[in-house]
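Enquirer: coordinates only, sequence not included:
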């Protein structure tokens, strides 16, 4: 605040227009912008606010509809769970002994069923941030894929995806649940094009 | 969507009793220091209303919203309304300064709601009870159901009188909430009101981040079955999508302060790295090149540096680097898992969450002194810290009520309050 302003003659303030237009010579008064038309604001009342956006209406395939596109044959095959999940330690993507054994069995099945394409899905327990767990789930899926490629399988058959901590098989909040959720799942997605 | 306008005009300011001085509108007149813990006690009696039910309802909403806003700001304490009943017969012509001082109020806000051809006109005046003068007056005209917005605008101006900077009461928070099996993007006012859902695709939609101008939100979406970066308008219209090849993950977007670029963590073959996406032409540049997981970039407010998370040391820790990817240095050493850095609006601090004693809590590092201050104290988890645009508040998630919900607090960790209820809300981000 300049001295000039502090000592401004009282008369100045009695002429509101002058105050608005001229104001303090060094600092434009912050209320001046308020005299310009203010921007529009959302006023939809709370009760009606959950309405679908154009984005939401855009036809799109969601995860579930990807599954819907599977043939009955593939769906039945997945129900038999020919490829077992593998499990990880907390904040780790290393393959434990039990994971290696499961992956050996999975590799054998994949070798004898070379026609199928498979999605490897990395998952985490709920501890930690959404963001880091997405990256960790991604690493778990990639580690599994790398193992299968090293075991002699064609990497082109696999895609990897991370669901982070968002798809727990057990929604509980303790080690019993967590150890089941730190995993990589296998979903057969179709047959390779010939 | 229907829109409306609030017409706001400045009062003809009439000096109440002024001791020769003019109302020093727009400057720091009552001088609240940034770190000062003292709150200005302000009285906020009910706004008076014309007899119609509409104006009375609006007056009630405005009074309550103003009290909530001012108390939330951290600058004020609202003097208990029960004490106001002893003071009668006041008006803008006869403020009764000494009576308000008598109940401990250094300032008083008087207001009324009038009816003007189907609209409401709201007048609010802020008085300094020591100086015995009008500090500020505002008049707004709008549809009756805009009462809440009017209160927020008036509160913004009141805060400006004390700090030189407008309040944050018209800012919004975007977040993620579970709907069925999916996670969808939502926005709400800073105080948890007017929740609006932006996505409805039943898949995972995560990590929403406001553009600096508040017009767009970038996030990670599995809407196509595979993770891609998507940008929506704040009203929910699709603006841009960056579909990825199979197996690629693009998460944790953060807009550069100039709004022209987005930093994010991109992953191929299980190795997340920090990338920058230039929005004008989609050009990608890679900042990190390391076999470790590098995630959660956060721009400094100057745009010259980026904080991020990496497990290159064997555990997730926070690092800083120049925005070109050079000059990488480690920021955190304590704790087995430090995550989600958030640079303060002034650039002097970085908030983050840290796992110690088996759960996550929030901490803040002052960069000049390298001093770390703990903000939350388990035993539940507190994660996802983000700053309010004025740096006085933080929004975060915690599972202290059983499931994760959105909470806010002052940025020193006090005055924690719950904003969403019902659980399963995560990933908040505060508009600027």
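Expert: Looks like it arrived, so ask away. Because the structure is a prediction, the values reported are computed rather than measured.

Enquirer: just the strands in the stretch 1-150 of chain B please.
Expert: Remark: strands assigned in the stretch 1-150 of chain B by DSSP state E, counting those that start in this stretch are B:3-4, B:7-10, B:40-43, B:48-49, B:76-78, B:107-116, B:119-128, B:133-142.

Enquirer: can you list those in TSV and add mean pLDDT, distance to chain A and mean neighbour count?
Expert: Using the backbone N, CA and C atoms, a C-beta is placed for each residue, glycine as well. Output for the strands of the stretch 1-150 of chain B, formatted as TSV (pLDDT from 0 to 100; distance: least, CB to the nearest CB, whole Å; neighbours: other CB atoms under 10 Å in any protein chain shown):
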stretch	mean pLDDT	distance to chain A	mean neighbour count
strand B:3-4	40	4	12
strand B:7-10	40	5	18
strand B:40-43	96	19	22
strand B:48-49	94	20	20
strand B:76-78	95	19	19
strand B:107-116	94	16	22
strand B:119-128	95	12	23
strand B:133-142	94	7	22
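
Enquirer: can I get the ones you listed in CSV with distance to residue B:158?
Expert: Listed next are these as CSV, based on distance: least, CB to CB, whole Å:
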stretch, distance to residue B:158
strand B:3-4, 23
strand B:7-10, 14
strand B:40-43, 8
strand B:48-49, 18
strand B:76-78, 8
strand B:107-116, 7
strand B:119-128, 5
strand B:133-142, 7
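
Enquirer: Need the contact partners of stretch B:86-94.
Expert: Contact with stretch B:86-94 is made by B:16, B:45, B:96, B:99-100, B:103, B:110, B:125, B:134, as judged by CB atoms under 8 Å, 6 or more residues apart in numbering or on different chains.

Enquirer: pull the helix or strand with minimum mean pLDDT from chain A.
Expert: The helix or strand of chain A with the poorest confidence is helix A:32-35; it has a mean of 28 (mean pLDDT, DSSP states H and E).

Enquirer: The strands of the stretch 1-150 of chain B: which one's closest to residue B:186?
Expert: strand B:3-4 (20.3 Å; CB to CB).

Enquirer: and residue B:359, what does it touch?
Expert: B:378-381.

Enquirer: Among these, which one sits closest to residue B:291?
Expert: residue B:381 (28.5 Å).

Enquirer: any idea how far that closest one lies from residue A:93?
Expert: As judged by CB to CB, to the nearest Å, residue B:381 and residue A:93 stand 22 Å apart.

Enquirer: same deal with residue A:107?
Expert: 18 Å.

Enquirer: ok, the two, which is more surrounded?
Expert: Between residue A:107 and residue A:93, counted using other CB atoms under 10 Å in any protein chain shown, residue A:93 has the larger neighbour count: 23 against 18.

Enquirer: Please identify the helix or strand for that one.
Expert: Per DSSP states H and E, residue A:93 falls between elements, in no helix or strand.

Enquirer: quick one, phi/psi of it?
Expert: Main-chain dihedrals, residue A:93, degrees, to the nearest 10: phi -120, psi 10.

Enquirer: what does the model give it for pLDDT?
Expert: You'll see residue A:93 listed with a pLDDT of 96.

Enquirer: what's the closest non-adjacent residue to it?
Expert: residue A:139 (4.2 Å; CB to CB, 6 or more residues apart in numbering or on different chains).

Enquirer: tell me the contacts of that neighbour?
Expert: A:93, A:122, B:267, B:270-272, B:293.

Enquirer: distance of residue A:82 from residue A:120?
Expert: 14 Å.

Enquirer: So if I had to pick from the two, which one is more boxed in?
Expert: A count of neighbours by other CB under 10 Å puts residue A:120 above the other of residue A:82 and residue A:120, at 25 against 15.

Enquirer: residues contacting the more buried one?
Expert: Going by CB under 8 Å, 6+ apart, residue A:120 touches A:141, A:144-145, A:158-161, A:184-186.

Enquirer: returning to that earlier point: for the residue nearest to residue A:93, which three-state class applies?
Expert: helix (DSSP: H, G, I helix; E, B strand; the rest coil).

Enquirer: Domain ranges for the chain, per the record?
Expert: All of this is about chain A. A:10-35, A:69-191 (automatic domain parsing).

Enquirer: that's the other chain; I wanted chain B
Expert: According to automatic domain parsing, the ranges for chain B are B:7-163, B:172-430.

Enquirer: closest one to residue A:175 among those domains?
Expert: Across the domains of chain B, closest to residue A:175 is domain B:172-430 (CB to CB), at 11.0 Å.

Enquirer: averaged over its residues, what pLDDT does that closest one have?
Expert: pLDDT averaged over domain B:172-430 gives 94.
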